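Give me the fold of what follows.
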Amino acid sequence: MALENYIRDIQDFPKPGIGFKDITPLLGNPDAVKECMQLLLNSLKDKNIDKVVGVESRGFFFATLLAYELNVGFVPVRKPNKLPYETISSSYELEYGMDTLEVHIDGIKKGDRVLIHDDVLATGGTAAAVCELVEKLGGEIVQCNFLMELSFLNGRNKISKYDIYSPLVY
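This next block holds a predicted model:
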């Protein structure tokens, strides 16, 4: 199955000059979701994962499915003031400013083997911030995986010390 056929290009979203990769057609097709899940799970054989961290918001879709299939806990990483309990945070640079992500302080325990999942690896700022949060809490990052990687933005360079997997690379 050609998963790229289920990714829609939207020009000038969320701002002029940005070409957005929309995953909603993929999410709307159960066969495409199953294929994507199988590819992601195949990359995790013998990884012994304890927690799956999903990044707000599109990362939640597959991160929760991965946690379910792996029979492990799911940990959400969100924008500031969205999580109800005590958090730690990490700030990172965007093309047009700064942003911050937070995670509950008890979401990951020292020594937990962690899979980080988001929908896209672009410039790598978000992924690097999430890696920082996981490591601050004592987690060991087993893999960072994404539905797609925009390789021309070189985001992989910011997280190159980790195992990285993406079934779609643009």
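
Now do the strands in this protein.
Using DSSP state E, the strands of the chain run over 8-11, 19-22, 51-55, 73-77, 87-94, 97-104, 113-121, 140-149, 164-165, 168-169.

Mind checking which residue lies nearest the centre of this structure?
Taking C-alpha atoms, centre = their mean, the centroid of the chain lies closest to D118, which sits 1.6 Å from it.

still on that earlier bit, export the strands of the chain to TSV and tack on distance to A2 and mean pLDDT?
Bear in mind the C-beta positions are built from the backbone N, C-alpha and C, glycine included. Listed next are the strands of the chain as TSV, based on distance: least, C-beta to C-beta, whole Å; pLDDT from 0 to 100:
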stretch	distance to A2	mean pLDDT
strand 8-11	14	97
strand 19-22	15	95
strand 51-55	25	98
strand 73-77	29	98
strand 87-94	31	92
strand 97-104	32	93
strand 113-121	18	98
strand 140-149	13	98
strand 164-165	18	98
strand 168-169	10	98
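
Format those as CSV; extra columns: distance to A67.
Below are these laid out as CSV (distance: least, C-beta to C-beta, whole Å):
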stretch, distance to A67
strand 8-11, 26
strand 19-22, 23
strand 51-55, 4
strand 73-77, 4
strand 87-94, 20
strand 97-104, 15
strand 113-121, 8
strand 140-149, 13
strand 164-165, 16
strand 168-169, 21
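
which one of the ones you listed lies closest to A129?
Evaluated over these, closeness to A129 peaks at strand 87-94, with 4.0 Å, by C-beta to C-beta.

in the closest one, what's buried?
87, 89-90, 92 (16 or more other C-beta atoms under 10 Å).

can you check stretch 124-136 too?
124-134.

who touches it?
53, 55, 77, 88-94, 99-103, 108, 114, 116, 118, 121, 141, 144, 146, 153-159, 162 (C-beta atoms under 8 Å, 6 or more residues apart in numbering).

If any of these are buried, give me the ChimeraX selection for them.
Entered in ChimeraX, the line below selects the buried ones among the contacts of stretch 124-136, by 16+ other C-beta under 10 Å:
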select :53,55,77,89,90,92,101,102,103,108,114,116,118,121,141,144,146,155,156,158,159,162
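
Show me which of the buried residues of stretch 124-136 is closest to I23.
Closest approach between the buried residues of stretch 124-136 and I23, by C-beta to C-beta: T126, at 15.5 Å.
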